[in-house]
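Student: Sequence plus the predicted model coming up.
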Amino acid sequence: MPYVKTRDGTDIYVKDWGSGRPVILLHGWPLNADSWDAQAMALADAGFRAIAYDRRGFGRSGQPWSGYDYDTLADDLADVMKATGADSDAAIIGFSMGGGEVARYMSRHDGQGVIAAGLISSVVPYMLKTDDNPHGTPQSTFDQIGDGIKEDRAKFFRHTFVPQFYGVGFISSPVSDDVVHWSTSLAMQAGLKPTLACAKAFGHTDFRQDLASFRVPTLIVHGTGDQTVPIDASARAAKAGIANAQLVEYDGAPHGLNVTHSDRLTQDLLTFLGR
């Protein structure tokens, strides 16, 4: 079943590997489910059922004009869980933007069927810098992202966003240039409207009220060197607001630690899910 049709008729591309207790993996912006491949294969090999899907508007999923708000995206998650039969005893793990879908599912759908949650390099609870969120990201940064995408999306992703995503510097790089090219190619599979709309969604959605809805063991993993989603306004704030949460900080790790620290993340996920 490579596609699931949501309640509004959008086709969602689903990768369903292995068998056992389901683990649903939600990808980051602006990539797709392939970015989870290393962890998905390890989970399947370890006896879990790894389900990763392309968010609406991204990868191989449909690109409707609307539906890029977190309420709709959380409903998409519920639709995928129901259609795949992964709606009980499930773990939902969100990377970056995907963490918001986890949080909104927990509040909007009361965490139905979920026994464990994960927030990896996540945007939760609130990215935007405001008077009551002083460690957040300034609006000017989001404006620069939007302007770069509109001016030359391929150039922006290839030379600005993706290198920062992986902590690539002038002298050293934790990933090969091939990984940067690959990630750019994934980003370019998304539609322009979904790319812009989702950037607005993850940058401006306040999940602080959603945190109380986490009533299951929750693993939070974040790099202290993350320049894309700084740790103080995200993981550390999420840890403070989620009961029964475990925060694991990767010293110096960038945003894309699912690649730069792939083996460590995989082992941390397997340890957490195996409890």
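Tutor: Happy to help now that I have it.
Student: For stretch 102-113, the averaged confidence score.
Tutor: Per-region confidence: stretch 102-113 scores 98 on mean pLDDT.
Student: And that stretch, what's buried?
Tutor: 102-109, 111, 113 (16 or more other CB atoms under 10 Å). Just so you know, the C-beta spots here come from the backbone N, C-alpha and C atoms, and that holds for glycine as well.
Student: Which parts of the stretch 101-250 of the chain are strands?
Tutor: 114-120, 218-223, 245-250 (DSSP state E, counting those that start in this stretch).
Student: TSV please, covering the ones you listed and showing mean neighbour count and distance to His204.
Tutor: Formatted as TSV, the strands of the stretch 101-250 of the chain follow (neighbours: other CB atoms under 10 Å; distance: least, CB to CB, whole Å):
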stretch	mean neighbour count	distance to His204
strand 114-120	25	18
strand 218-223	24	20
strand 245-250	17	24
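Student: Where does pLDDT dip in the stretch 151-275 of the chain?
Tutor: Along the stretch 151-275 of the chain, the model assigns pLDDT under 70 to no residue.
Student: quick revisit: the buried residues of stretch 102-113 in helices, which ones?
Tutor: Judged by DSSP state H, these include 102-108 as members of helices.
Student: Compare the strands of the stretch 101-250 of the chain and report which one is nearest to Phe207.
Tutor: Relative to Phe207, the nearest member of the strands of the stretch 101-250 of the chain by CB to CB is strand 114-120, separated by 10.0 Å.
Student: Quick check: phi and psi on the closest residue to Ala190 other than its chain neighbours?
Tutor: Distances taken as CB to CB, 6 or more residues apart in numbering put Phe58 closest to Ala190, at 4.3 Å, once the chain neighbours are dropped. In terms of degrees, to the nearest 10, the main-chain angles of Phe58 are phi -120, psi 160.
Student: Wait, Phe58 touches Gly28, no?
Tutor: No. Under the criterion of CB atoms under 8 Å, Phe58 makes no contact with Gly28, lying 10.0 Å away.
Student: in the sheet, who's paired with His222?
Tutor: Glu249 (DSSP bridges).
Student: What distance do you get for it to Gln63?
Tutor: For His222, the distance to Gln63 (CB to CB, to the nearest Å) stands at 30 Å.
Student: Out of the strands of the stretch 101-250 of the chain, flag the one nearest Gln189.
Tutor: Per CB to CB, nearest to Gln189 of those: strand 114-120, 21.2 Å.
Student: quick one: contacts of that closest one?
Tutor: Here strand 114-120 makes contact (CB atoms under 8 Å, 6 or more residues apart in numbering) with 89-96, 98-99, 102-103, 105-106, 111, 214, 216-222, 235, 238, 257-258, 265, 269, 272-273.
Student: Apply 7 Å and report the result again.
Tutor: Defining contact as CB atoms under 7 Å, 6 or more residues apart in numbering, one finds that strand 114-120 is touched by 89-95, 99, 102, 106, 214, 216-221, 238, 258, 265, 269, 273.
Student: Which among those count as buried?
Tutor: Buried subset of these (neighbour count, 16+ other CB under 10 Å): 90-95, 99, 102, 106, 214, 216-221, 238, 258, 265, 269, 273.
Student: May I have the residues that are in contact with the most far-flung residue of the chain relative to its centre?
Tutor: Distance from the C-alpha centroid of the chain, by CA atoms, centre = their mean, peaks at Ile171 (28.5 Å). Contact analysis of Ile171 by CB under 7 Å, 6+ apart lists nothing.
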